[in-house]
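Asker: Based on what follows, work out the 3D shape:
(chains A and B)
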There are 2 protein chains.
Amino acid sequence: MSDPSFAPRPTLEDIAARAGVSRATASRVVNGSEGVRAPLAERVRQAVDELGYVPNQAARALVTRRNDAIAVVVAEPETRFFADPFFAQQVRGISRELTAHDNQLVLLLTEGAADYQRVGRYLAGGHVDGALIFSLHDDDTLPALARRAGVPTVIGGRPAWSDSETLYVDCDNRGGARDAVHHLLGLGRRRIGHIAGPLDQTASVDRLDGFRDVLPDADPELIVMGDFTPDGGARAMAQLLDHCPDVDGVFAASDVMASGALRLLRQRGLRVPEDVAVVGFDDIVSVAEWTDPPLTTIRQDIEEMGRMMARLLLRRIDPPEAGAALAPSTGAVLAGSEDASVPLSPIVTRTKLVVRASA
Amino acid sequence: MSDPSFAPRPTLEDIAARAGVSRATASRVVNGSEGVRAPLAERVRQAVDELGYVPNQAARALVTRRNDAIAVVVAEPETRFFADPFFAQQVRGISRELTAHDNQLVLLLTEGAADYQRVGRYLAGGHVDGALIFSLHDDDTLPALARRAGVPTVIGGRPAWSDSETLYVDCDNRGGARDAVHHLLGLGRRRIGHIAGPLDQTASVDRLDGFRDVLPDADPELIVMGDFTPDGGARAMAQLLDHCPDVDGVFAASDVMASGALRLLRQRGLRVPEDVAVVGFDDIVSVAEWTDPPLTTIRQDIEEMGRMMARLLLRRIDPPEAGAALAPSTGAVLAGSEDASVPLSPIVTRTKLVVRASA
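Answerer: Numbers count the residues shown, from 1 in each chain, chains lettered A, B, ... in the order given. So this is what the prediction gives:
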């Protein structure tokens, strides 16, 4: 590779000279205006490619007030962000959708909540046109910071507060949880436990509520707390077995926790599903298909939900451009409304039971 | 959680009023100027905390010309970025160092090289003060785009070109590879193969060169190509066994490829290390310690190299502030110079053989 370090940055004048057109014509093409004859426009685009011209974005942003960039902020330390495959799958959907609209995905990583003021400063700095925020905990200040920064926002997961303005994308956590418990009951299980996620997150609360919808009189000792990690799932499973040795079915609030529960059951010499049937939640392929035995779970389309978050945000920022594309592109279904042309509103997708070998 | 959506954004005037000081005093404290008495400054800081004040960064940036934000660009599609634990480990080091200097890590993800023009526009838009770029391939245009954008840059890994200006952080790939092969020779292995990485990356070329330094007359069929993925490592191992069934030692240019090679050897009924001894490269803990058998490997301190990249870049951007902290904070050692106060220059760290069970 030749050394690129000393190439001067080409100007609009260089483009015009190379293409043999006026500066005004080059400018119109570069800025996407109409009314330049096709052969001329083609010559300008070729010159842009050959010279590697980068428009002065700062100047352009002054006119369009758009950076064509969207921040993604995950309310978790980067260690957890990289350790949990849920986040990679959600970011994948966001990345595909933003790329399809030629918007840059700007992932703002933190070491923890102590860094949120800095994230707020970046959001307030005019560097992005909007923000996607997910994995909120009850006391998170991120939405307030984004609001103060004046940045349009879409939340991943139902927020703990409710108002008519906040846009979010979630799955039907409560209905999915009910399906999980009904599946275990259908297998003839009668002592069904629940490994809950952290209850400062609405997804955990909703899944626990779904469990209680079906089993309102469940022994309180059958409900144990996990933390969305494999080790937390194993610890919760141990606690469940210690207090309720006759447990014959478990609904874990995430696949990752279910994988830890499966490990603990194996260590205790218990067979899955013969002795204890296990159902997870999420259907994260790299987890659910690779556990031993493969995991029966409640599927939410995480990648598609990422795409929906991105679409909803682009539509809020810039209604005419992105509005047509809000309908889900794959199997996910809108609950509440089947009509994608409705006004901007939260989206709740259906979940689906996926039966593998663990229950 | 109460609804944070409708909180008005506090102004500097609000801070001054709450603290009972003049606007000028509040401004001096917020902007970090000296000369405000400690009790007053404390009252202003308390008001900032209570009201959740975010300084107008755009206005501040006009004065300081700093965003306190550093871009990280990985020259791989986001799918590979999330699949390879190497990247998470490098980003971890970068994140810790940037956080220690209160700089925001801005990770710019792409679907592939087709998105680099957009990354170039973001870099040119004045949103970051510098860029860390890694996993470069020979034909990558990212360094040129960063240069044209006028953004100071540090490269992760030796770039394919050489000049006196480019800063990079790398490990001694060639020396590490020599250590790997010497270790296999010391175990009495006489038919040693090499699973190389993609040769459009300097790390792969340097590791192959190290292999050839020790075994200049190696049978060409003992050198096979991988792609830094587990499946690529398995395919390369199959090819090696098909062409050289008497191979008794393998040096794989990454732990991830070595893990694939171990899997293939097990499928073929060969014992590790009895039949074939295997040495990897990287020492990625989540890989090398969890393979069966655990992997003997060449350790590079990936997280520390991430920290060094961040430090080097902050020093280039802002010499007086970040210059003192360039010495490595953990075990890594500077090759070439032991003195951290030398002028800005590339850093090459030593590697270290870590013996586990596979060789």
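Asker: Can you give me the neighbour number for whatever residue of the stretch 201-350 of chain A ends up closest to chain B?
Answerer: Nearest to chain B, among the residues of the stretch 201-350 of chain A, is residue A:286, at 9.1 Å (Cβ to the nearest Cβ). (C-beta placed from N, C-alpha, C; glycine too.) Other residues near residue A:286 come to 12 when the count uses other Cβ atoms under 10 Å in any protein chain shown.
Asker: how about it, secondary structure?
Answerer: What DSSP: H, G, I helix; E, B strand; the rest coil gives for residue A:286 is helix.
Asker: give the contact list for it.
Answerer: With contact taken as Cβ atoms under 8 Å, 6 or more residues apart in numbering or on different chains, residue A:286 is in contact with residue A:85.
Asker: Can you show me the strands along chain A?
Answerer: According to DSSP state E, chain A carries its strands in the segments A:69-74, A:104-109, A:130-134, A:153-156, A:167-171, A:192-196, A:223-225, A:249-252, A:277-282, A:296-299, A:347-349, A:352-354.
Asker: which of those strands is buried the deepest?
Answerer: strand A:249-252 (a mean of 30; mean count of other Cβ atoms under 10 Å in any protein chain shown).
Asker: so how far is that strand from its chain's centroid?
Answerer: Its chain's average C-alpha position is 25 Å from that of strand A:249-252, according to Cα atoms, centre = their mean, to the nearest Å.
Asker: Okay, now the sheet partners of that strand, with direction.
Answerer: strand A:192-196 (parallel), strand A:277-282 (parallel) (DSSP bridges).
Asker: Let me have those in a markdown table, adding mean pLDDT as columns.
Answerer: Below are the strands paired with strand A:249-252 laid out as a markdown table (pLDDT from 0 to 100):
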| stretch | mean pLDDT |
| --- | --- |
| strand A:192-196 | 98 |
| strand A:277-282 | 98 |
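Asker: Turn these into a markdown table, including distance to residue A:134.
Answerer: Formatted as a markdown table, the strands paired with strand A:249-252 follow (distance: least, Cβ to Cβ, whole Å):
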| stretch | distance to residue A:134 |
| --- | --- |
| strand A:192-196 | 19 |
| strand A:277-282 | 14 |
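Asker: between these, which one is nearest to residue A:76?
Answerer: strand A:277-282 (15.5 Å; Cβ to Cβ).
Asker: Might you list the low-confidence residue ranges for chain A?
Answerer: For chain A, applying pLDDT under 70 flags the ranges A:1-9, A:32, A:34, A:54-64, A:319-343.
Asker: Pick out the residue closest to the middle of it.
Answerer: residue A:90 (3.4 Å; Cα atoms, centre = their mean).
Asker: didn't that one look like it was pressed against residue A:134?
Answerer: Yes. Contact criterion Cβ atoms under 8 Å: residue A:90 and residue A:134 qualify, at 6.6 Å.
Asker: which residues does residue A:112 contact?
Answerer: Contacts of residue A:112 (Cβ under 8 Å, 6+ apart): residue A:77.
Asker: For residue B:310, see how far away it is.
Answerer: 18 Å (Cβ to Cβ, to the nearest Å).
Asker: Show the contacting residues for residue A:104.
Answerer: Residue A:104 touches A:67-70, A:98, B:108, B:115, B:118-119, B:121-122, counting by Cβ under 8 Å, 6+ apart.
Asker: Buried subset of the residues you listed as a PyMOL selection?
Answerer: Selecting only the buried entries of the contacts of residue A:104 in PyMOL, with 16 or more other Cβ atoms under 10 Å in any protein chain shown as the criterion:
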select buried, (chain A and resi 67+68+69+70+98) or (chain B and resi 108+115+118+119+121+122)
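Asker: Would you point out the most distant pair within the contacts of residue A:104?
Answerer: A:67 and B:115 (15.3 Å).
Asker: now the strands of chain A in JSON lines, with distance to residue A:214?
Answerer: Listed next are the strands of chain A as JSON lines, based on distance: least, Cβ to Cβ, whole Å:
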{"stretch": "strand A:69-74", "distance to residue A:214": "31"}
{"stretch": "strand A:104-109", "distance to residue A:214": "38"}
{"stretch": "strand A:130-134", "distance to residue A:214": "28"}
{"stretch": "strand A:153-156", "distance to residue A:214": "26"}
{"stretch": "strand A:167-171", "distance to residue A:214": "18"}
{"stretch": "strand A:192-196", "distance to residue A:214": "9"}
{"stretch": "strand A:223-225", "distance to residue A:214": "13"}
{"stretch": "strand A:249-252", "distance to residue A:214": "10"}
{"stretch": "strand A:277-282", "distance to residue A:214": "12"}
{"stretch": "strand A:296-299", "distance to residue A:214": "13"}
{"stretch": "strand A:347-349", "distance to residue A:214": "20"}
{"stretch": "strand A:352-354", "distance to residue A:214": "13"}
